[in-house]
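Novice: Let me see the structure of the following:
(one chain, ligands or ions: 2)
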Amino acid sequence: MSILPQSLRHALNRIAERILPGTCLLCAADSSGALLCAECETDLPIPPDATCPQCGVETTLGERCGACLKDPPAFNRTIALFRYEFPVDRLIQALKYGHQLPLANWFGQGLSEKIVATEHDLLLPLPLHPSRLASRGFNQAVEIARTISRLRNIPISVDHLTRIRATSPQAALPLKERPRNVRGAFECSADLGGRRVLLVDDVMTSGSTLRECARILKMHGAAEVTLAIAARALRH
Ligand SMILES: [Zn+2]
Ligand SMILES: [Zn+2]
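Specialist: Ligands and ions are numbered 1, 2, ... in the order given. So this is what the prediction gives:
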């Protein structure tokens, strides 16, 4: 993609070149067929021990954070697999822009180990706007969610929730402008009465997009919305 800085494009190319069977994506050492070698996998940045159960930011003792107390989001809980930091950010970018789809399966596998399947009735991936889907060719959230659905036997729907308005990429906007940017961007076509929804996305930064999405799901009757996120950004 043309908006990527050159250094990042180079990094992605290096990652792409290293996808040879049996070698680690990050260090090219022998990984016996796995995407990452055991050493790189152990070193990946995981979320802190004590986090706000609702939004996943670090708190002293795992209590709810000030932001969630002051202005509670519509989602109830956040489950994050990694921190969105080096080298997980590279893996996410390789998935999205380098089309390394096996990574979606890998993130999905990790997330499915962190959830309790009986606590969720329906999996919904965060939708892309049709124009973005057309240019990328796939939705990474759908691919991650499909793996969770398969491994944990939770039904998935890819058409209940749709993105009806193309929005500027959230990352390009100051934090303050993000909620307004996504307001009214989603539509839900199903009655979710009483369903406990697991909403899946690859990255959560400010949370504005997921907040708006969860608001729509609750409006359509969802009893509970839990976020399942591959990588949570904890510093802006
Ligand atoms: Zn490695
Ligand atoms: Zn919070």
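
Novice: got the residues of this structure near ligand 2?
Specialist: With C-beta under 5 Å from the ion as the criterion, the chain meets ligand 2 at residues 52, 54, 55, 65, 68. All C-beta spots, glycine's among them, are computed from the backbone N, C-alpha and C.

Novice: and the residues you listed as TSV, adding pLDDT?
Specialist: Formatted as TSV, the residues of the chain next to ligand 2 follow (pLDDT from 0 to 100):
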residue	pLDDT
52	97
54	97
55	97
65	97
68	97
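
Novice: what's the farthest-apart pair in those?
Specialist: 54 and 65 (7.5 Å; C-beta to C-beta).

Novice: Now the common contact residues for those two.
Specialist: When C-beta atoms under 8 Å, 6 or more residues apart in numbering defines a contact, no residue borders residue 54 and residue 65 alike.

Novice: so how many other residues sit close to residue 132?
Specialist: When counting by other C-beta atoms under 10 Å, one arrives at 14 neighbours for residue 132.

Novice: I figured residue 179 hits residue 208, correct?
Specialist: Yes. At 4.6 Å, residue 179 and residue 208 qualify as touching, with contact defined as C-beta atoms under 8 Å.

Novice: More neighbours: which of those two?
Specialist: Using other C-beta under 10 Å, the more surrounded residue of residue 179 and residue 208 is residue 208, with 21 against 16.

Novice: Confidence-wise, which helix or strand of the protein is lowest on average?
Specialist: Lowest on mean pLDDT, DSSP states H and E among the helices and strands of the chain sits helix 6-17, with a mean of 62.

Novice: can you tell me if the next helix or strand after that helix touches ligand 1.
Specialist: Tracing the chain past helix 6-17, the next element assigned as helix or strand by DSSP states H and E is helix 38-43. Yes. Using C-beta under 5 Å from the ion, a contact is recorded between helix 38-43 and ligand 1, made by residue 40.

Novice: Go through helix 38-43 and flag the buried ones.
Specialist: With burial defined by 16 or more other C-beta atoms under 10 Å, the residues of helix 38-43 counted as buried are residue 40.

Novice: Show me the domain layout of this structure.
Specialist: As assigned by automatic domain parsing, the chain contains the domains 1-43, 45-232.
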